[in-house]
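Novice: build me a model:
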Amino acid sequence: MNGWVGETNVSEVIAEVQGHIGCITLNRPKALNALSLPMIRDLTAALKRWQDDPQVLAVAVRGTGKEGPFGAFCAGGDIRFFHQAAHAGDTALGDFFTEEYALNHLIHTYKKPYIAFMDGIVMGGGMGISQGASVRVVTERTKMAMPETNIGLFPDVGGGYFLSRCPGKLGEYLGLTGLMLTGPQAVGAKLADLALPSSMLEPIWDKLINSPFENSEAVERWVLAQPGNMAPEKLAPQLQIDTVFGLPTVQGMLDTLEAASDDWSQQTAKTLRARSPLMLNVVLEQIRRARGMGLADDLRMERDMVHHCFHLRPVQDSETVEGVRALAVDKDHSPKWKPARVEEVDAAEVARFFVSPWPSDHHPLRHLA
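Specialist: Next comes the predicted model:
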């Protein structure tokens, strides 16, 4: 399949059938395989084409690192594009999120095994194209996170759905702080199924495309039976996480953390104080609502929310536009959040993120079942 051809004249998504496997390689290593709208369209087209192809028993997806295949998975969406498109009033920004979330839904509901090799960086949009996999493989090099509060956004791409289903209140903790997990920690958090040494990935990939599997179930069974699985690791201190992040409000969490003297509490409070106060409140509401939602309803809610991230306020006052500016454009790492402190957040503004700008029969994701 011809992926989007950029200035380098190289396909950024390599999608081909090898043996009985639909093989996808994200091939934008200089950008850590960050997703562009053409890449999302290429991924969607390949998956739809293979869904009813009897030759394809399963799909395998990986990223390309500096050294070649593996080493990096996907660092998320192309946030510089978000910044440019927001300032330009470019309608492609809305198309990006509509099509990305529809792709996330397609992966979660795919009829055939979808095996994600989540080596290296797996963040944001990279989680969106891997959390719906039937087998999620991580390694000792995996750096997994939903770090969106760092740019004044929220854990989207179905983040409300999969974070809310982590053990205890881990979802609130990961969504609010943006904490990075190792491969074994990801398995412990129920965000991965297998933690294998990265040295095994190339041989597994080769065996996948060269083996005469009898059916789809045999492919999945074979991957899950790989030896060398590393033991899952729990995040410490789990009891403290559940106690603090089970509190009803972000303000209550911060009060509790700042009143404590241990290192974890102090460091966690410092992390939260650096995030957008408004978006911390939005994220807490998102994860708690999503816990009682199916995937399609969660993605529709997140599509509403991301619209509001760019349109609820004038573009120069958007927390998301400001967060991306500080992190990726000017790189001063000093976002000017409005308001600057959690104590000043207006509950009415938080509530507006959960009011859909579209009637249900005109919602851009109304077709998701």
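
Novice: for the strand ranked longest in the chain, which helices and strands make contact with it?
Specialist: If you go by DSSP state E, the chain has its longest strand at strand 58-65. Secondary-structure packing of strand 58-65 (3 or more Cβ pairs under 8 Å, 6 or more residues apart in numbering; DSSP states H and E): strand 21-26, strand 114-118, helix 201-210, helix 216-224. Yep, even glycine has a C-beta here, placed from its N, CA and C like the rest.

Novice: out of these, which gets nearest to Glu258?
Specialist: Taking Cβ to Cβ, strand 114-118 is the member of the helices and strands packed on strand 58-65 nearest to Glu258, at 34.5 Å.

Novice: sheet-wise, list the partners of that closest one with their directions.
Specialist: Using DSSP bridges, strand 114-118 pairs in its sheet with strand 58-65 (parallel), strand 135-138 (parallel).

Novice: ok so, going back, how about residues contacting the longest strand of the chain?
Specialist: 20-29, 33, 47, 50, 69-74, 110, 112-117, 119-120, 126, 129-130, 133, 201, 205, 208, 213, 216, 219-220 (Cβ atoms under 8 Å, 6 or more residues apart in numbering).

Novice: same check on stretch 101-112?
Specialist: The contact list for stretch 101-112 (Cβ under 8 Å, 6+ apart) reads 40, 43-44, 47-48, 50-51, 56-59, 114, 128-134, 156-158, 216, 295-296, 299, 302-303, 365, 367-369.

Novice: do the same with stretch 320-334
Specialist: With Cβ under 8 Å, 6+ apart as the test, stretch 320-334 has contacts from 79-80, 82-83, 86-87, 150-153, 276, 279, 309-310, 315, 335-338.

Novice: show me these that map onto helices.
Specialist: 79-80, 82-83, 86-87, 279, 309-310 (DSSP state H).

Novice: so what's the closest residue to Arg62 other than its chain neighbours up against?
Specialist: Closest residue in space to Arg62, ignoring its immediate chain neighbours: Phe117 at 4.3 Å, by Cβ to Cβ, 6 or more residues apart in numbering. Shown in contact with Phe117 (Cβ under 8 Å, 6+ apart): 60-63, 70, 73, 137, 201, 204-205.

Novice: can you add pLDDT and give those residues back as TSV?
Specialist: Formatted as TSV, those follow (pLDDT from 0 to 100):
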residue	pLDDT
Ala60	98
Val61	98
Arg62	98
Gly63	98
Phe70	96
Phe73	98
Val137	98
Leu201	98
Ile204	98
Trp205	98
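
Novice: if we can go back for a sec, the longest strand of the chain vs strand 21-26, what angle?
Specialist: 20 degrees (axes from the mean of the first three to the mean of the last three Cα atoms, to 10 degrees).

Novice: and the next element down the chain from strand 58-65?
Specialist: Toward the C-terminal end, the helix or strand that comes next after strand 58-65 (DSSP states H and E) is strand 68-69.

Novice: quick one: the residue nearest to Arg62 from Thr25, how far?
Specialist: 10 Å (Cβ to Cβ, to the nearest Å).

Novice: do the same with Gln267
Specialist: For Gln267, the distance to Thr25 equals 37 Å [Cβ to Cβ].

Novice: coming back round to it: now the buried members of the contacts of stretch 320-334.
Specialist: Buried by 16 or more other Cβ atoms under 10 Å: 79, 82-83, 86, 150-153, 276, 279, 309-310, 335, 337, out of these.

Novice: tell me which of the residues you listed is nearest to Ala351?
Specialist: If you rank the buried ones among the contacts of stretch 320-334 by distance to Ala351 using Cβ to Cβ, Met279 comes first, at 13.9 Å.

Novice: let me see the domain layout of the chain.
Specialist: Per the record, the chain has its domains at 1-142+181-234, 236-369, by automatic domain parsing.

Novice: winner for burial among these?
Specialist: Highest mean neighbour count among the domains of the chain (mean count of other Cβ atoms under 10 Å): domain 1-142+181-234, with a mean of 19.

Novice: who's in contact with Val355?
Specialist: Contacts of Val355 (Cβ under 8 Å, 6+ apart): Asp304.

Novice: give me the local confidence score for it.
Specialist: At Val355, the pLDDT value in this model is 98.

Novice: regarding it, what is its secondary structure?
Specialist: Of the three states, Val355 takes coil under DSSP: H, G, I helix; E, B strand; the rest coil.

Novice: can you tell me how far it sits from Ala85?
Specialist: 23 Å.

Novice: one step back: wait, which of the ones in helices among the contacts of stretch 320-334 is closest to Gly171?
Specialist: Out of those, the member with the shortest distance to Gly171 (by Cβ to Cβ) is Met279, at 15.7 Å.

Novice: thought Glu319 was touching that closest one, still the case?
Specialist: Yes: between Met279 and Glu319 a contact is recorded at 5.5 Å, counting by Cβ atoms under 8 Å.

Novice: which phi and psi does the residue nearest to Arg366 when sequence neighbours are not counted have?
Specialist: Sequence neighbours aside, Ser360 is the residue nearest to Arg366 in space, at 6.6 Å (criterion: Cβ to Cβ, 6+ apart). When read as degrees, to the nearest 10, the backbone of Ser360 gives phi -60, psi -30.

Novice: you'd agree Ser360 is up against Leu368?
Specialist: No: Ser360 is not in contact with Leu368 according to Cβ under 8 Å; the separation is 11.9 Å.

Novice: quick one: the strands in the stretch 151-300 of the chain, in order.
Specialist: Ranges of strands in the stretch 151-300 of the chain, per DSSP state E, counting those that start in this stretch, are 194-195.
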